[in-house]
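Novice: build me a model:
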Amino acid sequence: MNVPLYDRDLSWLSFNYRVLCMARDEKVPLYERIKFLSIFSSNLDEFFRVRMPAVLAVNKVLDNNPAAAGEEIISPDTLPAIQAEINRQLGVFGQTLTGQLLPALGSYNIHLYYNEPIHTQHHEHLREYFLTRVLSFLQPLWLRKKKPEEVFLENNQLYLVVSVTEDSAPDMQQYALVNIPSAFMPRFIELPALDNVYYIAMLDDVIRDNIGFLFPGYTVNGCYSIKITRDAETDMNELANDILEQVETMIVKRELGIPTRFLFDAAMPLALRKLLAVYFHILPEEMVEGGRYHNLKDLADLPMPVKSPAFAYPKQSSLPESSLESTPRLLEEVMKRDILLHAPYQRYDYILRFFNEAAVDPSVQEIYITLYRIASSSQIANALISAAHNGKQVTVFVELKARFDEANNIRWAKKMKAAGVKIIYSIPGLKVHAKIALVKRRRGYQWDYAGLMATGNFNESTARFYTDHVLMTAHPGMTQELELLFLYLQAREQPAKYSYLTFNHLLVAQFNMMARFKQLINREIENARAGKPAKITIKLNNLQEKEMIGSLYAASQEGVEIDLIVRSICCLVPDQPESSNIRVRRIVDRYLEHARVFIFHNDGNEEVYMGSADWMNRNLHRRIEVVFPIYDPALQQQLKEIIRLQLADNTNAVRLDENIRNIEIEPAEGAPLVNAQASIYQYVQSL
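Specialist: The predicted structure is shown next:
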């Protein structure tokens, strides 16, 4: 069967454009719109660090051998299409900032200096700030005195290229590089108000305004911003032996990666642009024209000199789970019934309490957990350290290959190991992305098992703005299979060596996950063929894996009704003959939609699953993931209602068309407006 696939990178860019659209939406509070601009910029930086190197490499291969594209949706046109879409989006970004958001700030008497002269009344203030706060961080470099190999542009750091002429030799143009130390001090500086208007300057302009101080005896003729983005991909798949040391080395190497983007001020003269390209060995396809300011992800830190309820989302406190508030011992409650929590709508405190109680409970003998992205000041990690000090056997699988979190994970791994925690590091060739924990209590001659499984990381920081679900259970089958999985993880072996492991409740990538998902889809196909109702509802972050997309196409062609909520990458193509019964929605809102949920109609006896796995090649083929069933009918109903509200969203949800464009959903005439996240909060409040 032919499997139409949309390009994954263009699909991701469609998602990032949806983020940008939130910055343009006047229904969103002003400072939240500015934060969406920041998120867009940060996302794009990561795209250039992680995905662009692969796109450039594939493009080079295809230039030399067009037949290498094979069956995948890769063509020589992909790179130009990506570059064109990025340029289009950057144009919209600039118009949104200068045409909408800066004037909106002005309506509240807040003025951000942006590509404009500084008022003379502020020069003295900026000069004082420059001399006392900024100057010690500046390190000017004369390019004529340095060979290219002696000048290294740090990844995603800001620089000014300054064009000067010596007063005694005005005909000879010279160039110097000046760093903008935004990693060490605030990017934005609040200035004295003028005529009841609050002014904010960028660190870049503080330096520009005083740049002559760095070059006595010279005339400054031009000052142009640049930034280089470097390849962040490091091959961590084959790590073995002292993996900790190797990962620490690779973190350093990543910051030295090859350039994937050289961002320059559009006002820079062509001759200087060419000189820099030669000097820093930048290829033409890596040169990207930008504006006067880069790293606008820093807009998330824009000061708020005026307070207004119109600036931010209304405060929304995390809700208590009423049945747990009066429970004296959470672990005892888990032994009686399954508990389902919905972050960030409900308090994450119950997860912290799960580990805190386990750390001090005399009957708890063993604790096991996988940690993928550890909070920088993790209370969970501290509870595990306390448990080890209290004589418990604590085993922690720390994934050292969690991109951009490796250094923090290493720091915590060392701290826990020093406290007596047994640390298990990454499996060569695999990432462990499962979100699972197991507590074993000894009661006389018997053992009690309490399991904790989630769709997101055990991270109390991200739990404040990622939507996830967490299950606490003492189900004998599931907890015994968790123990089996932890025994496998401690072996740090390839899954093939443990192919005899059987999981009847859990769906575990590398063991039974793909086969089980296909069985569930095929059962819906058989029901459709038999004239029975057949329906699949799936919520994912990313949908890319070809076989699973093929299975969904097959189900659609047999009449199975399929609703998909896909936040980011979607390579399945809607509105095609193969996908005539498939609808795809995307939700971008106040919180980051992060949960993975799977609902199969099963002729009215619905099966509901949730877990850590997206349907990506990496998740299904190169990671250990866990998806788990929800057996309790009342908890199933909670998840189904949350998904129903998301499918009903007609304010922030969009549908995806055959070109993965974000198409606004028009409410039916007379139908109420539904915002899924606001409605879910109200629903959870009623539980």
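
Novice: now Pro574: phi and psi?
Specialist: Here is the backbone geometry of Pro574 (degrees, to the nearest 10): phi -70, psi 170.

Novice: mind listing what the residue nearest to it when sequence neighbours are not counted touches?
Specialist: In space, and not counting its chain neighbours, Pro574 is closest to Val584: 4.9 Å by C-beta to C-beta, 6 or more residues apart in numbering. All C-beta atoms are positioned from the backbone trio N, CA, C, and that covers glycine. By C-beta atoms under 8 Å, 6 or more residues apart in numbering, the residues touching Val584 are Leu564, Ile565, Val566, Cys570, Leu572, Pro574, Arg655, Leu656.

Novice: give me the element Val584 is part of.
Specialist: strand 582-587 (DSSP states H and E).

Novice: what lines up beside that strand in the sheet?
Specialist: Strand 582-587 has these partner strands in its sheet, going by DSSP bridges: strand 561-566 (parallel), strand 653-656 (antiparallel).

Novice: which residues are in contact with the residue lying farthest from the centre of the chain?
Specialist: Note on the chain: the largest C-alpha distance from the chain mean falls to Ser168, namely 53.2 Å (C-alpha atoms, centre = their mean). The contact partners of Ser168, taken as C-beta under 8 Å, 6+ apart, are Gly217.

Novice: so where's the stretch 51-200 of the chain shaky on pLDDT?
Specialist: Within the stretch 51-200 of the chain, the segments meeting pLDDT under 70 span 61-76.

Novice: now the helices for it?
Specialist: Listed from the start of the chain, the stretch 51-200 of the chain has helices (DSSP state H, counting those that start in this stretch) covering 52-64, 78-96, 102-106, 120-129.

Novice: and the second one, what other elements does it pack with?
Specialist: What it means is helix 78-96. Using 3 or more C-beta pairs under 8 Å, 6 or more residues apart in numbering; DSSP states H and E as the contact criterion, the secondary-structure elements in contact with helix 78-96 are helix 8-24, helix 30-50, helix 52-64.

Novice: of these, which is nearest Lys401?
Specialist: With C-beta to C-beta as the criterion, Lys401 lies closest to helix 30-50 of the helices and strands packed on helix 78-96, at 13.2 Å.

Novice: what's the burial count for Gln557?
Specialist: For Gln557, the number of neighbouring residues by other C-beta atoms under 10 Å comes to 17.

Novice: apologies, that question was intended for Glu526.
Specialist: Around Glu526 there are 13 residues (other C-beta under 10 Å).

Novice: with the one 4 residues further on instead?
Specialist: Taking other C-beta under 10 Å as the neighbour definition, Ala530 ends up with a count of 9.

Novice: got the end-to-end distance for stretch 549-566?
Specialist: Criterion C-alpha to C-alpha, to the nearest Å; first-to-last residue distance in stretch 549-566 is 13 Å.

Novice: same list, the strands paired with strand 582-587, but as a markdown table with mean neighbour count please.
Specialist: A markdown table is the format used below for the strands paired with strand 582-587 (neighbours: other C-beta atoms under 10 Å):
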| stretch | mean neighbour count |
| --- | --- |
| strand 561-566 | 22 |
| strand 653-656 | 20 |
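
Novice: for those, give me a markdown table that also has mean pLDDT and distance to Gln480.
Specialist: Rendered in a markdown table, the data for the strands paired with strand 582-587 read as follows (pLDDT from 0 to 100; distance: least, C-beta to C-beta, whole Å):
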| stretch | mean pLDDT | distance to Gln480 |
| --- | --- | --- |
| strand 561-566 | 98 | 32 |
| strand 653-656 | 98 | 39 |
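
Novice: could you measure from Ala104 over to Val28?
Specialist: With the distance defined as C-beta to C-beta, to the nearest Å, Ala104 ends up 11 Å from Val28.

Novice: out of the two, which sits in the more crowded spot?
Specialist: Val28 (19 against 16).

Novice: residues contacting that one?
Specialist: Shown in contact with Val28 (C-beta under 8 Å, 6+ apart): Met22, Phe36.

Novice: quick one, phi/psi of it?
Specialist: Torsion angles at Val28 (phi, psi; degrees, to the nearest 10) stand at phi -90, psi 140.

Novice: where's it relative to Phe311, distance?
Specialist: Per C-beta to C-beta, Val28 is found 11 Å from Phe311.

Novice: swap in Phe137?
Specialist: In this structure, Phe137 and Phe311 are separated by 31 Å, where distance is defined by C-beta to C-beta.

Novice: please apply the same query to Arg661.
Specialist: According to C-beta to C-beta, Arg661 and Phe311 sit 31 Å apart.

Novice: so which of those two has more stuff around it?
Specialist: Of the pair Arg661 and Phe311, Phe311 is the one with more neighbours under other C-beta under 10 Å, namely 17 against 12.

Novice: what separation do you get for that one and Phe465?
Specialist: When distance is defined by C-beta to C-beta, Phe311 is 17 Å away from Phe465.

Novice: now do Lys145
Specialist: Lys145 sits at a distance of 47 Å from Phe465 (criterion: C-beta to C-beta).

Novice: check Val421 too.
Specialist: Taking C-beta to C-beta as the measure, Val421 falls 28 Å from Phe465.

Novice: check Arg441 too.
Specialist: Separation of Arg441 from Phe465 (C-beta to C-beta) stands at 33 Å.

Novice: please apply the same query to Ser579.
Specialist: For Ser579, the distance to Phe465 - C-beta to C-beta - is 32 Å.

Novice: these two: which is more packed in?
Specialist: When Ser579 and Phe465 are compared on other C-beta under 10 Å, the one with more neighbours turns out to be Ser579, at 21 against 12.

Novice: what sits against the more buried one?
Specialist: Ser579 is in contact with Pro4, Leu552, Tyr553, Ser556, Leu572, Val573, counting by C-beta under 8 Å, 6+ apart.

Novice: look at the fifth one and report its pLDDT.
Specialist: Per-residue confidence (pLDDT) for Leu572: 98.

Novice: which strand residues bridge it?
Specialist: According to DSSP bridges, Leu5 are recorded as the beta-bridge partners of Leu572.

Novice: burial of it, as a residue count?
Specialist: As a burial measure, the neighbour count of Leu572 was computed by other C-beta under 10 Å and equals 30.

Novice: which residues sit in contact with it?
Specialist: Neighbour list for Leu572: Leu5, Tyr6, Leu543, Ile549, Leu552, Tyr553, Leu564, Val566, Ser579, Ile582, Val584 [criterion: C-beta under 8 Å, 6+ apart].

Novice: secondary structure element holding the fifth one?
Specialist: Under the assignment given by DSSP H and E, the secondary-structure element containing Leu552 is helix 546-557.

Novice: does anything pack onto that helix? Which helices or strands?
Specialist: When contacts are defined as 3+ C-beta pairs under 8 Å, 6+ apart, helix 546-557 sits against helix 513-529, strand 561-566, strand 582-587.

Novice: chain center to the longest one: distance?
Specialist: Okay, so that is helix 513-529. Using C-alpha atoms, centre = their mean, to the nearest Å, we find the averaged C-alpha position of helix 513-529 to lie 31 Å away from the chain's own average C-alpha position.

Novice: can you list the buried residues in that helix?
Specialist: Buried residues in helix 513-529, defined by neighbour count with 16 or more other C-beta atoms under 10 Å: Met513, Met514, Arg516, Phe517, Leu520, Ile521, Arg523, Glu524, Ile525, Asn527, Ala528.

Novice: got the contact list for the third one?
Specialist: Spelled out, it's Arg516. When contacts are counted by C-beta under 8 Å, 6+ apart, Arg516 touches Leu507.

Novice: go on, Cys223?
Specialist: Applying C-beta under 8 Å, 6+ apart, the residues near Cys223 are Leu160, Val161, Val162, Ser163, Arg208, Ile211.

Novice: which of those residues sits closest to Pro53?
Specialist: Nearest to Pro53 among the contacts of Cys223: Val161, at 24.5 Å, using C-beta to C-beta.

Novice: list the buried residues in stretch 132-149.
Specialist: Neighbour-count burial for stretch 132-149 [16+ other C-beta under 10 Å]: Val134, Leu138, Leu143.
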